[in-house]
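Colleague: Just the structure for this:
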Amino acid sequence: MTASFPALRLRRPRATAWSRALHAETVLTPADLIWPLFVCEGQGQEEPVASLPGVSRWSVDLMVERAREAHDLGIPCLALFPNTPHGLRSQDGAEALNPDNLMCRATRAIKDAVPEIGILTDVALDPYTAHGHDGLVDEAGYVLNDETSEVLVKQALNQARAGADIIAPSDMMDGRVGAIREALEDERFVNVQIMAYSAKYASAFYGPFRDAVGSRGLLKGDKKTYQMDPANAEEALREVEADLIEGADSVMVKPGLPYLDIIRRVKDTFQVPVFAYQVSGEYAMIETAVAAGAADRDAMVLETLMAFKRAGCSGVLTYHAAHAARLLQR
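Modeller: Model (predicted):
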């Protein structure tokens with residue numbers, strides 16, 4: 001580069017809106033969004049989540065309405081999470097294997113009504129266990145890896161039979177992606193994708209989510225023996241590599257904004273589809289800032305989502321998906 005000021009004026013392409021659009025290096029569209037939704041029991045039920053302003057749990061019939069809304073907005077995929085009634089939670093999370101559980105009923109209902117939309121289903125036991133952990137625990141409270149993986153395989157097959165398009169193991173057990181991939185192939189679910197929560201950190205940003213699925217008050221201890229240490233980056237690359245070798249079609253980094261460096265490193269290293277989860281604590285911070293008059297919701301939502309795309313994401317799971325899609329359609 002030999003030009004210098006005034007021949008080179010970097011502000012020149014920014015002078016008009018049409019020029020800024022023409023020179024934009026990163027593009028955000030509704031097709032980049034996945035909308036996480038919480039399912040509850042009942043009929044015609046909407047249950048607002050107090051720690052997630054603007055987010056509710058929806059009964060299966062109203063989930064179908066959300067699916068139609070998403071389709072009309074151009075959002076290609078929904079991520080489903082169940083609020084399992086406490087009476088159905090157990091030490092072994094057996095409700096996860098019930099073919100008529102909330103997740104499976106919602107999946108079937110949405111696929112029957114809006115077959116064009118993708119369904120991503122969470123594979124982990126925390127919405128089903130009485131202790132709030134993602135897997136089976138021993139007498140000392142330690143989450144057992146191999147025994148948990150065996151249950152996760154059955155859970156994944158249960159969801160695939162209900163019509164799930166993407167199986168998303170969020171548990172962080174070693175080896176579970178390979179076991180799930182093998183089982184899906186054996187059952188001829190050859191086109192069911194796996195989006196592995198490969199770099200899921202033991203984060204302070206998950207609290208409102210645990211409220212939404214009803215597990216916060218149940219959790220005994222913490223999840224640091226299986227979720228990643230926020231201090232580690234090289235380990236994230238090892239986790240991603242292992243999941244890709246085992247058959248993951250895409251990988252996820254969670255949480256989102258505090259880990260943009262991890263997203264970038266994963267994308268640069270592996271050149272595979274990388275997704276981020278803008279988690280409940282991130283959403284709540286934006287909404288709290290808006291409520292305090294300290295921020296403009298529309299601007300913050302679009303800027304944070306653009307940050308994910310700029311860092312290398314193929315898509316983003318965000319509770320602001322419907323709001324963002326409306327803004328992007330203007």
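
Colleague: Who are the packing partners of the lowest-mean-pLDDT helix or strand in the chain?
Modeller: For the chain, counting by mean pLDDT, DSSP states H and E, helix 207-213 ranks last in confidence among helices and strands (a mean of 90). Helix 207-213 sits against strand 77-82, helix 280-291, with contacts defined as 3 or more CB pairs under 8 Å, 6 or more residues apart in numbering; DSSP states H and E. In short, each C-beta sits where N, CA and C put it, glycine included.

Colleague: just these: most buried one?
Modeller: Highest mean neighbour count of these: strand 77-82, a mean of 23 (counted as mean count of other CB atoms under 10 Å).

Colleague: Going along the chain, name the strands of the protein.
Modeller: 33-40, 46-48, 56-59, 77-82, 118-123, 166-169, 193-200, 250-254, 274-278, 315-318 (DSSP state E).

Colleague: hmm, who's touching the least confident helix or strand of the chain?
Modeller: 38, 49-52, 55, 57, 81-84, 126-127, 132, 216, 219, 279-281, 283-284 (CB atoms under 8 Å, 6 or more residues apart in numbering).

Colleague: Tell me what the closest residue to residue 164 other than its chain neighbours is bridged to.
Modeller: Closest residue to residue 164 apart from its sequence neighbours, by CB to CB, 6 or more residues apart in numbering: residue 121 at 4.2 Å. On the basis of DSSP bridges, residue 121 is bridged to residue 80, residue 167.

Colleague: correct me, but residue 121 touches residue 157?
Modeller: No: under the criterion of CB atoms under 8 Å, residue 121 makes no contact with residue 157, lying 11.3 Å away.

Colleague: who touches the residue nearest to residue 164 in this structure?
Modeller: Contacts of residue 121 (CB under 8 Å, 6+ apart): 79-80, 103, 107, 159, 162, 164, 166-168.

Colleague: now do 10 Å
Modeller: For residue 121, the contacting residues are 78-82, 103-104, 106-107, 155-156, 158-160, 162-169, 192, by CB atoms under 10 Å, 6 or more residues apart in numbering.

Colleague: Of those, just the buried ones, ChimeraX syntax please.
Modeller: Per 16 or more other CB atoms under 10 Å, the buried members of the contacts of residue 121 correspond to this ChimeraX selection:
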select :78,79,80,81,82,103,104,106,107,155,156,158,159,160,162,163,164,165,166,167,168,169,192
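
Colleague: how about the helices of this protein, start to end?
Modeller: Along the chain, counting by DSSP state H, helices occupy 17-23, 60-73, 102-113, 145-162, 176-186, 207-213, 234-246, 260-270, 280-291, 297-311, 321-328.

Colleague: Give me the pLDDT value at the nearest residue in space to residue 148 that is not next to it in sequence.
Modeller: Among residues not flanking residue 148 along the chain, residue 135 sits closest, at 3.2 Å (CB to CB, 6+ apart). Looking at residue 135, its pLDDT reads 96.

Colleague: I'd assumed residue 129 was in contact with residue 135.
Modeller: Yes: counting by CB atoms under 10 Å, residue 135 touches residue 129, with 8.0 Å between them.

Colleague: shared neighbours of the two, anything?
Modeller: Joint contacts of residue 135 and residue 129 (CB under 10 Å, 6+ apart) are 92-93, 143.

Colleague: I appreciate the help and will end here.
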